[in-house]
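Colleague: Predicted model follows, preceded by the sequence.
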Amino acid sequence: MICRFALALFLIFSNFIILAPAQDVSSFMPDSSKVVKPKKSFFYNIAKKITAVDTNYISPNRYYASAMVLGEKQYSFFSLRTKNKDGRDQELLFSPNSPFRVGPYIGYSLFFLGYTFDFGARKSSFDRTNVSISLYSRLIGVDYVYESGMRNYKIKSVSGFGDNVAKQVRNTPFSGMSTYMINLHIYYLFNNKHFSYPAAYSQSTIQKRSSGSFILGFNYTKEKINFDYTQLPEVLLKDEKGNNLYSDELKISNVRYRDYSFSVGYGYNWAFHKNFLANLTFSPTIGYNLSEGEKFNAKEYLFDLDALNFDFISRASVVWNNSKYFAGIAVVAHTYSYKKPTFSIRNSLVTASIYAGLNFIKKRKYKNK
């Protein structure tokens, strides 16, 4: 088949040469007095146009590689809430032990690798796994979060059980809960010629003048929660007279759900001094929860306002970057909610980081600048 195709091309080309009118050979000879530049392809020109930035606002990255030291701490909170038949609210707030982590990172071009070590880690903290990956580019951004944990939670606070009970159980260890969560957030930056997320969160460019941008994103979340309420302190289950105090609506054993949502937000880069930048971003999200095995029903969900789910994504950072050296702090917060008529669950994940580093291996076109 390949031989036949090649032969056909040869015959067509031969016929073209034979039938072509004779021309002066000199017309085919290049003019040595003219410099002929290779013509760029259509797709190259489109890509160049899309990736172009206004250098009055954004100074591009001048280096191939970078290295830094990162210190990071994550704060995670799980809230279980219900309103019983008598109209009384009850809420339990749990939080795991989260040690401070620090370690080296090194990157080249788009690839950045590193490892952090736990400081002040308690034994129960080793039952947790946290993975957070963020990609900050000029056009789009991606957040990936994986979190799982078991037997390492504490009761941070309770409400609806009485003030005396709340004081007794505060910071009490609780081993009756395990969690598993995956989240993927993809978003697009509209004003990408004047607004640089990499300048605020990946230190690869510099925001020279203040600018903001609207942000549109999509979120997918999958979460699993196993909960054994019988392991709660006795004062939460029964009152002093032995009557049931704990709401039946909170006697859940496990929750499995998926969440699909869209986010619309706004981010602003404030270049308040030479080489200094502050960013603030807030993106509310709206979506629907689907329990495990449950299928989306347009009639049931699209016109039921009680089925809507509201969360938020926020970021804040302060950066100093003179192109060669950089340092800064950043805070990224996500909330993930599951809501049903009888109870609701909210997971809040906050990551705070501090870092310092340098860029090296300058790009060829910037070596003389």
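Modeller: That came through, no problem.

Colleague: can we go C-alpha only for contacts and neighbour counts from here?
Modeller: OK.

Colleague: Then Asn164 would be within a helix, right?
Modeller: Yes - checked against DSSP: H, G, I helix; E, B strand; the rest coil, Asn164 lies within a helix.

Colleague: What is the neighbour count of it?
Modeller: Residue crowding around Asn164 was assessed by other Cα atoms under 10 Å; the count is 9.

Colleague: what's the answer for the one 10 residues further on, then?
Modeller: Using other Cα under 10 Å as the criterion, Phe174 is surrounded by 20 other residues.

Colleague: so who does the nearest residue to Trp270 once chain neighbours are set aside touch?
Modeller: Nearest residue to Trp270 in three dimensions, chain neighbours excluded: Ser210, at 4.6 Å (Cα to Cα, 6 or more residues apart in numbering). By Cα atoms under 8 Å, 6 or more residues apart in numbering, the contact list for Ser210 reads 57, 195, 268-272.

Colleague: Touching, Thr285 and Leu308? I think so.
Modeller: No - shown here, Thr285 and Leu308 do not form a contact pair, counting by Cα atoms under 8 Å, at 10.2 Å.

Colleague: The two: which is more packed in?
Modeller: Thr285 (22 against 15).

Colleague: What segments of the stretch 51-200 of the chain are helices?
Modeller: In the stretch 51-200 of the chain, the segments counted as helices under DSSP state H, counting those that start in this stretch are 163-169, 197-201.

Colleague: Quick check: closest non-adjacent residue to the residue most central in space within the chain.
Modeller: Nearest to the mean C-alpha position of the chain, counting by Cα atoms, centre = their mean, stands Asp143 at 2.2 Å. Leaving out its chain neighbours, the residue that sits closest to Asp143 by Cα to Cα, 6+ apart is Ser134, at 4.5 Å.

Colleague: in the stretch 1-150 of the chain, what spans have low per-residue confidence?
Modeller: Within the stretch 1-150 of the chain, the ranges that satisfy pLDDT under 70 run 1-52, 84-87, 110-111, 120-127.

Colleague: circling back: what's the farthest-apart pair in the contacts of Ser210?
Modeller: Phe195 and Phe272 (14.6 Å; Cα to Cα).

Colleague: between those two, which one's more packed in?
Modeller: Phe195 (28 against 12).

Colleague: Touching, the more buried one and Ser213? I think so.
Modeller: Yes - between Phe195 and Ser213 a contact is recorded at 6.3 Å, counting by Cα under 8 Å.

Colleague: Which entry within the contacts of Ser210 corresponds to the minimum pLDDT?
Modeller: Summarising pLDDT for these: the lowest-scoring member is Tyr57, with 91.

Colleague: So what's the residue count around that residue?
Modeller: So Tyr57, with other Cα under 10 Å, has 18 neighbours.

Colleague: what does Phe100 give?
Modeller: Applying other Cα under 10 Å, I find that Phe100 has 17 neighbouring residues.

Colleague: How about it, nearest residue that isn't a chain neighbour?
Modeller: Nearest one to Phe100, counting by Cα to Cα, 6+ apart, is Lys73 at 4.8 Å.

Colleague: In this structure that neighbour contacts Pro99, no?
Modeller: Yes - under the criterion of Cα under 8 Å, Lys73 makes contact with Pro99 at 6.6 Å.

Colleague: In the stretch 201-350 of the chain, where is pLDDT below threshold?
Modeller: 292-307.

Colleague: Try it again at 80.
Modeller: For the stretch 201-350 of the chain, the stretches with pLDDT under 80 are 241-242, 288-308, 340-342.

Colleague: how about the strands in it?
Modeller: 206-207, 211-227, 254-273, 276-291, 308-321, 325-339, 343-362 (DSSP state E, counting those that start in this stretch).

Colleague: Just to check, Ile106 is in contact with Tyr115?
Modeller: No - contact criterion Cα under 8 Å: Ile106 and Tyr115 do not qualify, at 9.7 Å.

Colleague: Looking at the two, which has the bigger crowd around it?
Modeller: Of the pair Ile106 and Tyr115, Ile106 is the one with more neighbours under other Cα under 10 Å, namely 17 against 12.

Colleague: What about the residue nearest to Asp143, how many residues nearby?
Modeller: 15.
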